[in-house]
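Asker: Below: sequence and its predicted model.
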There are 2 protein chains.
Amino acid sequence: MKKRLFTPGPTPVPEDILLEMSGPIIHHRTAEFRRIAEEVQDNLKYLFQTKNPVITLASSGTGAMEAAVSNILSSGEKAVVVKGGKFGERFAEICSSYGVDVIPLDVEWGKAVKPASIEEILNKEKEIKAVFTTLCETSTGVLNDVEAIGKIVESSDTVLIVDAVSSLGAVPCQTDAWNLDVVISGSQKALMLPPGLSFISVSKKAWRKIENTNSSRYYLDLRKYHKSLEKSDFPFTPAVSLIVGLRKSLTQIREEGIENVLQRHKILAAATRAAIKALGLELFAEKPADSLTAVKVPEGIDSQELIKRLKEKYGVNFAGGQNELKGKIFRIAHLGYFDKLDIITAIAALEMVLSELGHKFELGSGIKAAERILTQES
Amino acid sequence: MKKRLFTPGPTPVPEDILLEMSGPIIHHRTAEFRRIAEEVQDNLKYLFQTKNPVITLASSGTGAMEAAVSNILSSGEKAVVVKGGKFGERFAEICSSYGVDVIPLDVEWGKAVKPASIEEILNKEKEIKAVFTTLCETSTGVLNDVEAIGKIVESSDTVLIVDAVSSLGAVPCQTDAWNLDVVISGSQKALMLPPGLSFISVSKKAWRKIENTNSSRYYLDLRKYHKSLEKSDFPFTPAVSLIVGLRKSLTQIREEGIENVLQRHKILAAATRAAIKALGLELFAEKPADSLTAVKVPEGIDSQELIKRLKEKYGVNFAGGQNELKGKIFRIAHLGYFDKLDIITAIAALEMVLSELGHKFELGSGIKAAERILTQES
């Protein structure tokens, strides 16, 4: 059966990138690999829109999240953590593992954080060393206004850490212009690669803090990677084949142009949302990110059955809800290697399964709404 | 130019495994991927020769080394670290990062550790919680007798941690029979895969210690992986494509049979060593491992020039010496995807370059010595 992946990571990998990664293995301590590392660094800066170094780790996104915590905070220091979904909660868990004094900012799942509430905490509590937030919270599909949060911490010593794992390259994220000190991403999302690499950009302000942190760390010690970066090198054996793929995916993104990449995601997201509404379904996220569309499971429909049928009958892989959202939502990802007709296939499969499960709507109405958007915009 | 990789990681990846990894990406939370994970777990146990769980991390080997330290030891606890090369020293560095009280056992680089000297320390010092050693020390090519060390710690609570990154699947390593509590390996060595995965087996004795450790850890928290393993799952997104490749490489190892794989490495190593001696060169390791052959650079030959010519003229990639051995040795790896004729190509290229650089010997004499071994043994 032909399979179509609409999950928010891993996402589909273009065929030419898959083949690029199947070339003979290159040794990492060679001029050949250093040239690749140099090109990758240059294009990562372009993608992150930063002049600061972007470090590549051989780990999942969680490895980079932990690197942010263990490198920036010492045990006993205070940090605000925006908890509006699974990945916000993960930041809090990691902080707790390192003895960080977490000031949780609880946000109802499905809602965006109010930047003013962060400002309020920063005004009230003294000595807050860091603020952790997601850009797109993958578990809810919500977009947070990190630009506004950047303005709040700008003039202070507080370091702003943004989890952009499922949003970088899909949603605007202007690292330097928005004062985002640390931005984290992963390979298996908008970067159109298999999982196994994570990325972390670090501002000068964050580096100053890193130099004075005493948390235990070795494999995730950003100082080691920073030092090696000067020679386009890595302190530990990098995931060579994934980095060879990364060079190609970053080149493709740069050739398309980041503005065009973001515009493409915007249109695909708008078409998906329009279709969902036309089918009489409700969006879950108050302020949805262009990476993925979270949809409330309608009354009377079993979400497990919906997802299972999509997969088994049509080869279409949607994600369900996580943790407290299990059974309540399903998620259609459209970040990375997606085009207009991919969205059509997702909506068509959804229409057919909803119809089979007895949901009342006119077949084709979702497609009609999507096509209206897809033809309007270039 | 046709390239040949004789470096002790990364090592060549078989073409069918490269192509296997270039298939469409599978989502990791699916029955399809769980079946792969299950098969991989079964075959990892076979490779490690253990009944205990073997955990797969998305990291380089150093990630698994750190996992051993941070999961097994709390700050202030005592550990003996065998320091006979770069990777022994790395264990000591990681321990120091976690506030572990390191009792170094300094071994001259190129020599193997004397198990009796470990016994002596364990008898003298009380409350030693762990012993760290390499099986094959990649930087020197030395094989350590971990079987004997296993007997020493067997009856105590001391946990034995063995870095088998460049030796598992190339050199005998009987995890359970030898009482090796923790064995660490990586994908880019005898497992014939690209870098990006590491492996760690954990004995019941080690698990008991892990439950009572207070070091900070999250991404490398083995308890999380252990719990997920029950459902053939992973706590964080695994490196899907590498694991798909792993399934294939483990199947190939199992089909060849571990005894035959080890026998193959033994013959290739013996042939390489015989050739080196026939060329009038000297082995560096007192007790060489079958993974790689470290060779002293002969008087009057510039090691940089030797390695450079091999690479540029013949496409043959040998490794130089690391740290204090820089310029003093070169290393020919023969672990993983190697056969008899691969060894012939390495020796032939070495002969031609040595001859060009003015080393005195009869052309073909290394090959003759190698062929003598390669024809004797089946």
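Answerer: Now that the structure is in, tell me what you want to look at.
Asker: Would you list the phi and psi of A:I161?
Answerer: In this entry, A:I161 is assigned phi and psi values of phi -110, psi 120 (degrees, to the nearest 10).
Asker: for A:R247, same thing?
Answerer: Backbone phi and psi, for A:R247 under degrees, to the nearest 10, turn out to be phi -60, psi -40.
Asker: okay, now it: neighbour count?
Answerer: Around A:R247 there are 18 other residues, counting by other C-beta atoms under 10 Å in any protein chain shown. Any C-beta I mention is one placed from the backbone N, CA and C, and that applies to glycine too.
Asker: wait, what's in contact with it?
Answerer: If a contact means C-beta atoms under 8 Å, 6 or more residues apart in numbering or on different chains, then A:R247 has A:I36, A:E39, A:V40, A:N43 as its contacts.
Asker: ok, of these, which one's closest to chain B?
Answerer: Using C-beta to the nearest C-beta, A:I36 is the member of the contacts of A:R247 that sits closest to chain B, with 13.7 Å.
Asker: ok so, going back, need the buried ones from the contacts of A:R247 selected in ChimeraX.
Answerer: To isolate the buried ones among these in ChimeraX, judged by 16 or more other C-beta atoms under 10 Å in any protein chain shown, type:
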select /A:36,40,43
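Asker: and of the contacts of A:R247, the nearest to A:I55?
Answerer: Closest approach between those and A:I55, by C-beta to C-beta: A:V40, at 11.1 Å.
Asker: where exactly do the helices run in the stretch 101-250 of chain A?
Answerer: Ranges of helices within the stretch 101-250 of chain A are A:115-124, A:146-153, A:204-210, A:222-229, A:240-256, based on DSSP state H, counting those that start in this stretch.
Asker: Which strand residues bridge the closest residue to chain B within the stretch 251-378 of chain A?
Answerer: Of all residues in the stretch 251-378 of chain A, A:N317 sits closest to chain B, at 5.7 Å by C-beta to the nearest C-beta. The bridge-partner assignment for A:N317, based on DSSP bridges, gives A:L5.
Asker: which residues does it contact?
Answerer: For A:N317, the set of contacting residues under the criterion of C-beta under 8 Å, 6+ apart consists of A:K3, A:R4, A:L5, A:F6, A:T7, A:L310, A:K311, B:H27, B:T30.
Asker: number of nearby residues for the fourth one?
Answerer: For A:F6, the tally of surrounding residues (other C-beta under 10 Å) stands at 28.
Asker: distance of it from chain B?
Answerer: The span separating A:F6 from chain B equals 10 Å under the rule C-beta to the nearest C-beta, to the nearest Å.
Asker: Name the nearest residue to A:T345, ignoring sequence neighbours.
Answerer: For A:T345, ignoring the flanking residues on the chain, the nearest one in space by C-beta to C-beta, 6 or more residues apart in numbering or on different chains is A:R4 at 6.0 Å.
Asker: Quick check: phi and psi at A:E93.
Answerer: With angles defined as degrees, to the nearest 10, A:E93 sits at phi -60, psi -40.
Asker: actually A:P298, not the one I wrote
Answerer: Summarising the backbone geometry of A:P298 under the convention degrees, to the nearest 10, its torsions are phi -70, psi 150.
Asker: okay, it: pLDDT?
Answerer: Turning to A:P298, the model gives it a pLDDT of 95.
Asker: No further queries at this time; thank you.
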